[in-house]
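Student: Please find the sequence and the predicted model below.
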Amino acid sequence: MKVNGKKQLININQNLLDFLESNQYDITKIAVERNGEIIPKVMYHQVNLNDDDALEIVSFVGGG
C-alpha cells in the first residue's frame, strides 16, 4: 500500500482505523483519502485496506 506516496506494509485484514491507531495518528486531527475518495471518520472502522490502496493522510495544523 502507498501512504502519502511511500510504500508501506499492512497487516492482512487490517481496517483503516486499526492502521491509523497502530501508526499513532490522532484521528481527531487528520483527514484521509483512499484511492481518490475522502473517507468520513465514522467509516474508518469499516474500510478494509488492500495492498493496492493509496492513502493520502493530511494533518490539520493550527496557527496564524
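Tutor: Cool, got the structure.
Student: Okay, and the residue sitting nearest the centre point of the chain sits in which element?
Tutor: Nearest residue to the geometric centre of the chain (CA atoms, centre = their mean): residue 32, 5.1 Å. Per DSSP states H and E: residue 32 is located in strand 30-34.
Student: Where does the prediction get shaky in this protein?
Tutor: 64 (pLDDT under 70).
Student: just to revisit the earlier point, identify the residues contacting the strand holding residue 32?
Tutor: 16, 20, 38-39, 44, 47, 49, 53-60 (CB atoms under 8 Å, 6 or more residues apart in numbering). The C-beta positions use only the backbone N, C-alpha and C, and glycine is treated the same way.
Student: what sits opposite the residue nearest to residue 3 when sequence neighbours are not counted in the beta ladder?
Tutor: Distances taken as CB to CB, 6 or more residues apart in numbering put residue 55 closest to residue 3, at 4.8 Å, once the chain neighbours are dropped. On the basis of DSSP bridges, residue 55 is bridged to residue 3, residue 34.
Student: Might you report the residue contacts of residue 55?
Tutor: Taking CB under 8 Å, 6+ apart as the test, what residue 55 contacts is 1-4, 32-34, 49.
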